[in-house]
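Chemist: How does the following fold in three dimensions:
(chains A, B, C and D)
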Number of protein chains: 2
Amino acid sequence: MTTENRLDERKLDVLRAIVQDYVATREPVGSKALVERHNIGVSPATIRNEMAALEDEGYIHQPHTSAGRVPTDKGYRLFVDRLSQVKPLSAAERRAIHSFLDGAVDLDDVVARTVRLLAQITQQVAVVQYPSLTRSAVRHVELVPLTASRIMLVLITDTGRVEQRIVDCGGPVPESTVAEVRARLNAEVVAQHLSDVPTLLADFSGRFGAEDRTWVAALTATLLDAVVEQREERIVMAGTANLARFRHDFPDTVYPVLEALEEQVVLLRLFGEAQSGLTVRIGHENAHEGLVGTSMVASGYGRGEDVVAHLGVLGPTRMDYPGMMGAVTAVAAYVGRILAET
Amino acid sequence: MTTENRLDERKLDVLRAIVQDYVATREPVGSKALVERHNIGVSPATIRNEMAALEDEGYIHQPHTSAGRVPTDKGYRLFVDRLSQVKPLSAAERRAIHSFLDGAVDLDDVVARTVRLLAQITQQVAVVQYPSLTRSAVRHVELVPLTASRIMLVLITDTGRVEQRIVDCGGPVPESTVAEVRARLNAEVVAQHLSDVPTLLADFSGRFGAEDRTWVAALTATLLDAVVEQREERIVMAGTANLARFRHDFPDTVYPVLEALEEQVVLLRLFGEAQSGLTVRIGHENAHEGLVGTSMVASGYGRGEDVVAHLGVLGPTRMDYPGMMGAVTAVAAYVGRILAET
DNA sequence: CCTTGGCACTCCACCCCGTTGAGTGCCAGT
DNA sequence: ACTGGCACTCAACGGGGTGGAGTGCCAAGG
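Modeler: Okay, here's the model as predicted:
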């Protein structure tokens, strides 16, 4: 049994047609309807034979005897991998992306606008991960005395993120000492990658006199904490209302899906498994109970080539993959360009 | 026709019973079932008369002839205003609030934990507004030179919020001048209410020499912009999955509700109309198409007595008002206490 | 005058069942 | 290798019958 035999050209055409029709109508597609809508030059009976073979191989499935066929996850996978091309956005959509994202004032705003934009053009649930700190570099560390013995530590990164922490020094520290520590700290870490900061500061407090060593140690500990901070892995979401529009695509309710989406951990895991380029995960591939029945189209993004985070859309497995892939790619590219400008 | 006549004691008892039963079972309640479940010492026939009167007055409603009665929005309103008391939380719930909120590390974290907590104990959609800037005071303004001619402005408020902006000075500014401006700026605005800052800085740039006046003007303009910033009015939400659990309480789908919830503007308006204390808005009172069918229980919160923002829960009109009111009150109070400690 | 038991009536929810139509698998013929 | 024909299957739909919960009204009793 050769590969040619198992997946000949016409069989693939049939699968492609089934996916397209099912995505368009949400109705199992039968042999007759299929030959009517697509001009394949053969009769329904022939199609039926092809369908029987496709079903044997697990690409399509019959909800019940005497019903039409529906693609399986495996069928969608084949469609995405070999039977479809990314559909580029229309000029109007490109223009909309530009004008909508160009107005952003800071990082929060970029992320907020991106997620809403993505939800709007795809009509699905959009998910955007905040640019990760660990991949970015320190732009500046500021120490702000709040009281004699309490200091606010502000960490500013070149991706535009700002993290603040309050440090209790245990006792009064003169302003001039704070200024000196600030200067030496910045000399040490500015322009360094966050991932390198822990090693760079390993013995930082040791370089100070006994009277300062304690609070500087507390300070560096807090800074390191901020550097590896997990909340950095924040995620924003928009378009959950779209789930309700597609509620018929889910077994009986959207409840488990919404529930899964509220668990940021779940989404972070999904992104974690994604490649830096365009990734499609279909149905059960998501390995989360609430998300069988959903697919995710995701892409890494960042300043230029550096991937610092992911963004994507999530919807029923019955989704317009080429369109989603086009939209996600375009938005990821444009956000990357915006980040690079900052 | 006296007031006593229109709303005598027993009629109110009947209304209360109807609300309670309907909330518990989501089924129209009839006269017979009502006398069985509550020991009112009269017969179903008598109840029927009371019900007819209540219906005439618009407190209850019959889905169709020969069905039981369902409370109207007006009925719920009367129930909330006169027939129920806030139900205090159990000791276990109080303990859960404490242990869950005490771990928070900064303002973002407090808000994030609060909203998840509220969603969990009420099993509804929880909404929390970020503490508003305008009601709070300046703790510190920091100027961080990024390049010779660009400065990062960081505004820190006593509610713990941090806003940052980048200012382009048009030309190089010596570090020492920046330090001087920083000192004079802080002398002017620290500990002042944000709402007073614009007047305080009205002629600030005028006090500098011609060579600095331009960039200081740009700086103050940016600062004022941050002070009146609208994004401060951020809202976070959790528990939208609970809507799906109550989907039978909505006409045909939760779509319009989810849609309304995604419009932050809508939620801000709701909060805007709320009182500083506990507020309940029922069904059509929300004056938003998607939110007829939902009620909101909200409360102001802040450090001590100062109300700086609102939080609340939103669910079907058929909700456990006393319980929701208890939970919202307790959480608002505890968050207020946490904010006061910071 | 208020309350109550009785009674006739209404109408939704449910079940059963026959019909319809789309779709299938198989087979014999080209 | 493809096609037309054929018998079969099964979900979806609609109609009719029934049960039950609930009502409004009324006349009798405290």
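Chemist: which sections of chain A are below the confidence cut-off?
Modeler: A:1-7, A:133-134, A:229-232, A:342 (pLDDT under 70).
Chemist: And the lengthiest helix in it, what does it pack against?
Modeler: With secondary structure taken from DSSP state H, chain A has its longest helix at helix A:321-341. Secondary-structure packing of helix A:321-341 (3 or more CB pairs under 8 Å, 6 or more residues apart in numbering or on different chains; DSSP states H and E): helix A:91-102, helix A:107-122, strand A:278-282, strand A:294-301, strand A:309-316. Just so you know, the C-beta spots here come from the backbone N, C-alpha and C atoms, and that holds for glycine as well.
Chemist: Show me what the third one packs onto, helices and strands only.
Modeler: Contact here means 3+ CB pairs under 8 Å, 6+ apart; on that basis strand A:278-282 packs against helix A:73-78, strand A:294-301, helix A:321-341.
Chemist: Residues contacting that strand, please?
Modeler: A:73, A:76-77, A:80, A:86, A:270, A:273-274, A:295-299, A:312, A:317, A:321, A:325, A:328-329 (CB atoms under 8 Å, 6 or more residues apart in numbering or on different chains).
Chemist: Quote the end-to-end distance of stretch A:286-295.
Modeler: 8 Å (CA to CA, to the nearest Å).
Chemist: Report the buried residues of it.
Modeler: By 16 or more other CB atoms under 10 Å in any protein chain shown, the buried positions in stretch A:286-295 come out as A:N286, A:H288, A:G290, A:L291, A:V292, A:G293, A:T294, A:S295.
Chemist: The closest residue to DNA strand D within the stretch 51-200 of chain A: what secondary structure?
Modeler: Going by CB to the nearest atom of the strand, DNA strand D is nearest to A:S66 of the stretch 51-200 of chain A, at 2.8 Å. Using DSSP: H, G, I helix; E, B strand; the rest coil as the criterion, the local structure at A:S66 reads coil.
Chemist: and it, how many residues sit next to it?
Modeler: Using other CB atoms under 10 Å in any protein chain shown, A:S66 is surrounded by 7 other residues.
Chemist: Mind listing residues that contact stretch A:25-32?
Modeler: A:17-18, A:21-22, A:44-45, A:47-48, A:51, A:62-63, A:67-70, A:248-249, A:318.
Chemist: Go again with 7 Å.
Modeler: A:18, A:21-22, A:44, A:47-48, A:51, A:63, A:67-70, A:248-249, A:318 (CB atoms under 7 Å, 6 or more residues apart in numbering or on different chains).
Chemist: Put the buried members of those residues into a PyMOL selection.
Modeler: Those of the contacts of stretch A:25-32 that count as buried under 16+ other CB under 10 Å are selected in PyMOL with:
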select buried, chain A and resi 18+21+22+47+51+68+69+70+249+318
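Chemist: Residues of the stretch 101-250 of chain A that sit close to chain B?
Modeler: By CB under 7 Å from any CB of the partner chain, the residues of the stretch 101-250 of chain A that approach chain B are A:139-140, A:142, A:144, A:146, A:152, A:154, A:156, A:162, A:164, A:238, A:240-241, A:244-245, A:247.
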